[in-house]
Every structure is written in C-alpha cells, then in structure tokens.
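Enquirer: build the 3D model from these lines:
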Amino acid sequence: MQMPFIGSEAVSAGLVAKHLLRTRFVALYPDVYTRPDAELSVKHRATAAWLWSHREGVVAGLTAAALHGTRYVDDAQPIELVWSNGRAPRGITTHKQHLHPGEIAMRHGLPVTTVQRTAFDLGRRSPLDVAVARVDALGNAATFDAAELLRWAKEHHPGKRGMRQLGEVLTLHDPGAQSPRETWLRLLLIRAGLPRPSTQIPVFSADGRRRYYLDMGWEKLKLAVEYDGDHHRVDPLQFAHDILRAEDLDELEWTRIRVVKSNLPSDVIRRVRRAYDAKVRSARVARPIGDLGALSTQD
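Expert: All right, here's what the predicted structure looks like:
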C-alpha cells in the first residue's frame, strides 16, 4: 500500500490485519494510514485528507495550486479542503463554501478547484503581497487570463469577501515571476515609482547560439533587474552558466542590477533608480527629439 488508505476499509477487505495497522503503518488522519517511510508530499497528504473526508471534499486553496503545478508550496502547509466538517484534525483546514460544477477539476485522481477558482480564492485571502505572490506562482504554472477571471468573479460571485483585494491582486499580477522573491522585487520597483518592468525578457547572445531570459526590466533601455537565489552561488554548474551569461549580456551592452536576499529595499531602489536615470539620460542624448516619448512608456 504505497498510497494512503482508510484503515477500516482495508481491515474489512482483508488487506491488513487490524493489529498491524498501528505497528506497520502510521495514521496521518483519523482512520487514514500510510507507510512509515512514505514521502509526505502535498499530493500524498492531499490524498489522505480527501480520504478522511469520506471522498467528499474538494481540494482547494494552496493545496489545489500545488496540484496544478505551482512551485514553492511547502509540503508542511495544512491541506485545504472545501467540505462542511468544521472539526478537522490537525494538518487539515476546511472551508464551508459552495462550488459550482464548473469550478471542480480532476488532478492526480483528486477533485480540486479549477485554476480559475483557485486563483479567485488565493487572490482574496492573505495579505496583499502574499496573495500577489501566490497568484503569480499559479499563473506561472497554469495559464489563466486575469481580465477574464475578474469578469467571471463579478458575474458569478458578486459580493464575496475580498473582491476589492482580488481586483488589486489581478492588476499587480504577472505570471512571469518565477519565485515569490521575484514578485517581491517587482512590487518594490513599482511602489518606488519606477515604470512597471516587463518580465522574462528574451535575449539572444551576439552569435545567436544562446538564449537567456532576464527576470525583469526595461528592454528599450537594456536595463534588467534580477533576483539571485542561493543556488546561483552553491551550484557549480549554475555558477559556470552565470559567468557565460554575464559575458554575453555585457557584450550586448545590457546593464543588470543583481539583488540578493541580504540587500535592503532602500538600497535596491537607490541602485535601480540610479541605473534607470542614467539609461534614460543616455538614450535622450542618442535619440532624436521625436523619439523621447517612447522612454516614458513601460519599456
């Protein structure tokens, strides 16, 4: 039995002796067991939680996002279910709410809220910046149209709590963010008054043999801002790739501002604004007067 199972069912079917349940298996939730060496991934625990709900619950929220492919969802996060039982065991959070038939899909053999409904729920809950990061991550893993989502929400769920925040989240949403820290960095730049940066900007090396994607920036100015996680320093292959990438971008005259976790927000803003202003001044000198208007746009 590699996947979680309902203990009483397994005993009734003769698959396991009752006295072996507690000696050879561990209980994840009441009457739901798994092997002691099982990897307690989100999928594994979600399956167990669904079995605990007598196969009636629908996986929702962050758990649904993870099953749709969202990264950076902690395996230890409580499993979220839409189910009426308000006395959930530790490790399960239940939501008593109505789901329309079109808001349920199947993923990994489990009923889960659709991408659209999951984004709707994530965008209304949690503080604003957390909600934006979660919706960004979902959009990066599973495509949805933000404008269509907002129209659908207003039509099918008018008056729901958090609708005002949902609108703000979808305005700030960008599926190009590949990590919560990239979302944080983008919001920092926007709130500092800088033009909204584009994300995942494609750039080819001068010889056309290599293609890179820049986290965010302003393509017309050849200015990029990138967040470097720890893997850029500790992974030898990544480090070697970064060296070649930096040389290629230098050859193309791209300016990059690299941000790491220890940087203070005020320092990041100062560095980016200084580089941005310098690029704008340089572009004004190089361009005819009639082309200056383009510099005030997003790029």
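
Enquirer: and the spatially most central residue of the chain, what does it touch?
Expert: Geometric centre of the chain, nearest residue: residue 137, 1.6 Å, by C-alpha atoms, centre = their mean. With contacts defined as C-beta atoms under 8 Å, 6 or more residues apart in numbering, the neighbours of residue 137 are 65, 70, 71, 72, 73, 177, 179, 180, 183. To be clear about C-beta, it is placed using only N, CA and C from the backbone, and glycine gets the same treatment.

Enquirer: quick one: secondary structure of the second one?
Expert: Secondary structure for residue 70, judged by DSSP: H, G, I helix; E, B strand; the rest coil, is coil.

Enquirer: please apply the same query to the one 5 residues further on.
Expert: Of the three states, residue 75 takes coil under three-state DSSP.

Enquirer: could you pull out the strands for the stretch 151-299 of the chain?
Expert: With DSSP state E, counting those that start in this stretch as the criterion, the stretch 151-299 of the chain has strands at 198-204, 211-218, 223-227, 255-259.

Enquirer: just so I know, which of the ones you listed lies nearest residue 127?
Expert: strand 223-227 (20.2 Å; C-beta to C-beta).

Enquirer: which helices and strands does that closest one pack with?
Expert: If you count contacts as 3 or more C-beta pairs under 8 Å, 6 or more residues apart in numbering; DSSP states H and E, strand 223-227 packs onto helix 180-191, strand 211-218, strand 255-259, helix 265-286.

Enquirer: buried stuff in that strand?
Expert: By neighbour count with 16 or more other C-beta atoms under 10 Å, strand 223-227 contains the buried residues 223, 224, 225, 226, 227.

Enquirer: before we move on, the earlier item: between strand 198-204 and the helix or strand containing the residue nearest to the centre of the chain, find me the angle.
Expert: Assigned by DSSP states H and E, residue 137 belongs to helix 128-141. Helix 128-141 and strand 198-204 are oriented at 40 degrees to each other (axes from the mean of the first three to the mean of the last three C-alpha atoms, to 10 degrees).

Enquirer: what's the angle from helix 128-141 to helix 180-191?
Expert: Using the same axes, to 10 degrees: helix 128-141 against helix 180-191 is 120 degrees.

Enquirer: use 2 as the first number for this chain going forward.
Expert: Sure, I'll start numbering at 2, so the last one becomes helix 129-142.

Enquirer: can you give me phi and psi for residue 29?
Expert: Taking degrees, to the nearest 10, you get phi -80, psi -50 for the backbone angles of residue 29.

Enquirer: neighbours of it, how many?
Expert: 23 (other C-beta atoms under 10 Å).

Enquirer: wait, what's in contact with it?
Expert: By C-beta under 8 Å, 6+ apart, residue 29 lies in contact with 5, 35, 41, 46, 49, 92.
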